[in-house]
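# this is a predicted model, with the sequence first.
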Amino acid sequence: MPTSRNGGGGPPAISAVGLRKSYGGKTVLDGIDLRVPAGSVFALLGPNGAGKTTAVKTLSTLIGADGGQAQVAGHDVASAPDRVRAAIGVTGQFSAVDGLITGTENMLLMADLNHLSRREGKRVIAELLERFDLGDAADKPVQSYSGGMKRRLDIAMTLVGSPRIIFLDEPTTGLDPRARHNMWGIVRELVANGVTVFLTTQYLDEAEELADRIAVLDNGKIVAEGSAEELKRMIPGGHIRLRFTDPSAYQSAASALREVQRDDEALALQIPSGGSQRELRSVLDRLDSAGIEADELTVHTPDLDDVFFALTDGNVPTQAQEAAR
């Protein structure tokens, strides 16, 4: 589960107000606002073409914005890009390692770019290769590595300069399930050590598993933001389902409960619910008062898939749109 080391107080690690970017007349970022607390994982979730990579490139100074303001590590990305770059690490969607040289040689290049002395560089490299379980493969050409190994090396190279803020742009794209879970463990370890992680992904389970807060980006706009649980509460459709084997108990329960949807064939009742303990207790109390016991009770709450499809399909109910603002 997500575990932030910062309750949200103090200056944010990353902030943006009205950030805009267009290419050839097409608006890619349409005035987005972001605030990422230090020591947390922030996930930018959205379909392909939503603008996620453009947001990362803009915040990490790889491209300039057309409008708005952004600060990273307390520095303005437009007026102090060198200071921003000195404070961050960036890992793109696709591995940036050089396959023709070894893992150690890739790491040495990063140590040189970060102006580490040869002695300090070797020390840091040895620690990182061991930390990312790459010690045995360190002296082999990277082209012989698996996809998961290349991604681990990618992040290890990013950490050579000890950045406190890391941008991970779809870090598990193309990885098998085991490699994805290993990458999740790496992200959790980074945050446990106080690093702020800005993560882009199109995987719903990844956002829910890792992020303290999630912003849903669609067509260049932030259409909702909150924790996974907060986002789920925006979408209606949650319900309590009661199933009976005794037809008389079923009829009695239907009479005792309000706003029920009946399924006479299955002897099942469905009651709208937001999934709270209070609502569940109320239903059970009414059944108990009437001397009725259900044979089966299940609670369904909208999951992040429901939220994602509702928000990105433009089918967000009015109350969810208001809550997202």
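Received it, and whenever you're ready, just let me know what you need. Numbers count the residues shown, from 1 in each chain.

# show me where the stretch 1-150 of the chain has strands.
14-23, 26-36, 41-45, 67-72, 75-76, 88-91 (DSSP state E, counting those that start in this stretch).

# L108: neighbour count?
19 (other Cβ atoms under 10 Å). Any C-beta I mention is one placed from the backbone N, CA and C, and that applies to glycine too.

# would you check how far apart it and S146 are?
22 Å (Cβ to Cβ, to the nearest Å).

# re earlier: can I get the strands of the stretch 1-150 of the chain in JSON lines including mean neighbour count, distance to N182 and mean pLDDT?
Below are the strands of the stretch 1-150 of the chain laid out as JSON lines (neighbours: other Cβ atoms under 10 Å; distance: least, Cβ to Cβ, whole Å; pLDDT from 0 to 100):
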{"stretch": "strand 14-23", "mean neighbour count": "18", "distance to N182": "26", "mean pLDDT": "96"}
{"stretch": "strand 26-36", "mean neighbour count": "18", "distance to N182": "24", "mean pLDDT": "95"}
{"stretch": "strand 41-45", "mean neighbour count": "28", "distance to N182": "16", "mean pLDDT": "95"}
{"stretch": "strand 67-72", "mean neighbour count": "19", "distance to N182": "27", "mean pLDDT": "96"}
{"stretch": "strand 75-76", "mean neighbour count": "16", "distance to N182": "32", "mean pLDDT": "96"}
{"stretch": "strand 88-91", "mean neighbour count": "22", "distance to N182": "15", "mean pLDDT": "91"}
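
# with distance to I214 added, can I get those strands in CSV?
What follows is the strands of the stretch 1-150 of the chain, written out as CSV (distance: least, Cβ to Cβ, whole Å):
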stretch, distance to I214
strand 14-23, 15
strand 26-36, 11
strand 41-45, 5
strand 67-72, 19
strand 75-76, 25
strand 88-91, 19
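
# to F309, which of these lies closest?
Minimum separation from F309 across the strands of the stretch 1-150 of the chain (Cβ to Cβ) falls at strand 41-45, 12.0 Å.

# which helices and strands sit right next to that closest one?
Identification of packing neighbours for strand 41-45 by 3 or more Cβ pairs under 8 Å, 6 or more residues apart in numbering; DSSP states H and E yields helix 52-59, strand 196-201, helix 204-210, strand 213-218.

# repeat that with 6 Å
Packing partners of strand 41-45 (3 or more Cβ pairs under 6 Å, 6 or more residues apart in numbering; DSSP states H and E): strand 196-201, helix 204-210, strand 213-218.

# re the thing from before, of all the strands of the stretch 1-150 of the chain, which one is nearest E206?
Closest approach to E206 among the strands of the stretch 1-150 of the chain (Cβ to Cβ): strand 41-45, 7.4 Å.

# what lies in contact with the closest one?
Contact with strand 41-45 is made by 2, 36, 52, 191, 197-201, 207, 210-217, as judged by Cβ atoms under 6 Å, 6 or more residues apart in numbering.

# and the residue lying closest to A43 once chain neighbours are set aside, how close does it get to E230?
Excluding its sequence neighbours, the residue lying closest to A43 (Cβ to Cβ, 6 or more residues apart in numbering) is A211, at 3.6 Å. A211 sits 12 Å away from E230 when distances are taken as Cβ to Cβ.

# looking at those two, which is more packed in?
With neighbours defined as other Cβ under 10 Å, A211 and E230 compare such that A211 has more, 24 against 15.

# for this structure, what are the low-confidence residue spans?
Along the chain, the model assigns pLDDT under 70 to residues 1-9, 93-95, 275, 313-325.

# can you pull out the helices in it?
Taking DSSP state H, the helices of the chain run over residues 52-59, 81-87, 103-113, 118-131, 147-158, 177-192, 204-210, 228-233, 247-256, 277-289, 304-312, 318-324.

# would you format the ones you listed as CSV with distance to I240 included?
Formatted as CSV, the helices of the chain follow (distance: least, Cβ to Cβ, whole Å):
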stretch, distance to I240
helix 52-59, 36
helix 81-87, 49
helix 103-113, 53
helix 118-131, 47
helix 147-158, 42
helix 177-192, 32
helix 204-210, 23
helix 228-233, 16
helix 247-256, 12
helix 277-289, 6
helix 304-312, 17
helix 318-324, 20
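
# tell me which of the ones you listed sits nearest to R20.
helix 52-59 (9.3 Å).

# quick one, domains of this protein?
Following automatic domain parsing, one gets these domains for the chain: 14-232, 239-300.
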